[in-house]
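*Asks:* Could you look at this predicted model? Sequence included:
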Amino acid sequence: MSKLHEKISINTFSIEDIDISGIESVISLLPTNGIVDSNIAERGLLHTLEGQNICQEKIVQIDRWINFLESEKNKTWSKAALYKAKEAGFKTVKDKEWHAQADDDYIESCNQLSLAKACKKWLENKASYFSGWHYALKTFLRRDYSIENASSVGYNSSVGESQPFPTKSTKVDDFGGDIDDIDWG
């Protein structure tokens with residue numbers, strides 16, 4: 001049984017260890033040369049939905065990670081302003097704020113938060129990329145099917161009633177008469 005907490009857990013989460021091979025695999029299945037037919041478009045619709053799903057699952061986990069990092073950033077700043085600045089001999093509020101802004105631990109937490117936000121943006125862009133492809137392929141198929149339905153040629157057109165195989169000669173002369181009816185004698 002699969003549980004939601006397994007999907008959104010950040011206990012052993014690391015931005016650097018996010019597996020993007022599924023996203024790259026879906027990208028490789030999409031057309032690269034601009035040539036699309038109905039078979040490619042139909043398969044592409046499924047691939048783009050799969051790509052969007054992969055991105056959205058990872059974005060949820062990263063959102064949770066970003067919230068955790070924001071609280072860590074605030075906590076680091078507070079420690080630097082309240083304790084480290086006092087230990088360094090700063091007494092005014094402004095001096096403590098400046099000291100906290102320059103604290104190495106605070107800067108590192110800000111960098112981790114920026115990395116997480118950049119990763120989220122990258123995944124949102126990939127999800128948008130798949131969404132754009134999905135729309136383009138769906139539009140292509142809609143247009144392709146409407147052209148096929150409007151024409152009398154295609155897989156869905158009727159070929160008419162079946163005719164019996166002729167048993168008598170049906171050779172016709174230049175004037176539309178049956179050649180077998182001509183008196184040659």
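*Replies:* Arrived safely. Here the structure is a predicted model, which means the values were calculated and not measured. Residues are numbered from 1 along each chain as shown.
*Asks:* for this protein, which spans come out with low pLDDT?
*Replies:* By pLDDT under 70, the low-scoring segments of the chain are 148-185.
*Asks:* let's see 90
*Replies:* Scanning the chain for pLDDT under 90 picks out the ranges 1-16, 31-40, 86, 91, 140-185.
*Asks:* Pull the distance from the longest helix belonging to it to the chain's centre.
*Replies:* As assigned by DSSP state H, the longest helix anywhere in the chain is helix 104-150. Relative to its parent chain, helix 104-150 has a centroid offset of 6 Å by CA atoms, centre = their mean, to the nearest Å.
*Asks:* before we move on, what about stretch 103-119?
*Replies:* Averaging C-alpha positions (CA atoms, centre = their mean) puts stretch 103-119 28 Å from its chain's average.
*Asks:* neighbouring contacts of it?
*Replies:* Contacts to stretch 103-119, defined as CB atoms under 8 Å, 6 or more residues apart in numbering, come from residues 15, 18, 62, 65-66, 69-70, 72-73, 76-77, 79-80, 84, 100. In this view, the C-beta of every residue, glycine as well, is placed from N, C-alpha and C.
*Asks:* Pull out the buried positions in that stretch.
*Replies:* The neighbour-count check on stretch 103-119 (16 or more other CB atoms under 10 Å) flags D103, D105, Y106, S109, Q112, L113, A116, C119 as buried.
*Asks:* The last one and S38, how far apart?
*Replies:* Read it as C119. Shown here: C119 relative to S38, a distance of 36 Å by CB to CB, to the nearest Å.
*Asks:* The third one now?
*Replies:* Relative to S38, Y106 is positioned 56 Å away (CB to CB).
*Asks:* what's the answer for the fourth one, then?
*Replies:* In this structure, S109 and S38 are 52 Å apart, going by CB to CB.
*Asks:* What are the boundaries of the helices in this structure?
*Replies:* According to DSSP H, the chain carries its helices in the segments 4-8, 21-29, 38-79, 85-87, 93-102, 104-150.
*Asks:* Leaving out sequence neighbours, find the closest residue to E57.
*Replies:* Nearest non-adjacent residue to E57, counting by CB to CB, 6 or more residues apart in numbering: K7, 6.6 Å away.
*Asks:* Make sure A81 is actually in contact with D95.
*Replies:* No - with contact defined as CB atoms under 8 Å, A81 does not reach D95; the gap is 9.7 Å.
*Asks:* Please say which of those two ends up with more neighbours.
*Replies:* A81 (21 against 14; other CB atoms under 10 Å).
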